[in-house]
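>>> sequence isn't available, so here's the structure alone:
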């Protein structure tokens, strides 16, 4: 996008000229690390969104439940558990 997203800094104990092979190695390291950082950030954002959604569902004063494609309950709140006869958190 033309925007600086990440900065990799490498220091040496004394001034020096970096070899082309060293610079290439650092590029390779950055190319491997950046996608992992982005994935970790995306996974944390998803976990935060799931916590928020679960908090809303848990505090809704109505029966709320979600089934997966196989018809299994995968999310429910205490009101739905009571209606379904499921132990709390047992959906």
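Nice, thanks for sending it over. The structure presented is a predicted model; accordingly, all values stated were derived computationally and were not measured.

>>> now do the helices in this structure.
Assigned by DSSP state H, the helices in the chain fall at 20-59, 78-84.

>>> most packed of those?
helix 78-84 (a mean of 15; mean count of other CB atoms under 10 Å). Bear in mind the C-beta positions are built from the backbone N, C-alpha and C, glycine included.

>>> rewinding a little: nearest to residue 5, out of the helices of the chain?
The minimum distance between residue 5 and the helices of the chain falls on helix 20-59, with 7.7 Å, by CB to CB.

>>> still on that earlier bit, could you dump the helices of the chain to TSV with distance to residue 69 and mean pLDDT?
TSV is the format used below for the helices of the chain (distance: least, CB to CB, whole Å; pLDDT from 0 to 100):
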stretch	distance to residue 69	mean pLDDT
helix 20-59	18	95
helix 78-84	19	89
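
>>> can I get those in a markdown table with distance to residue 72?
As requested, the helices of the chain are exported to a markdown table (distance: least, CB to CB, whole Å):
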| stretch | distance to residue 72 |
| --- | --- |
| helix 20-59 | 16 |
| helix 78-84 | 12 |
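
>>> out of those, nearest to residue 11?
Going by CB to CB, the one of those nearest residue 11 is helix 20-59, 11.9 Å.
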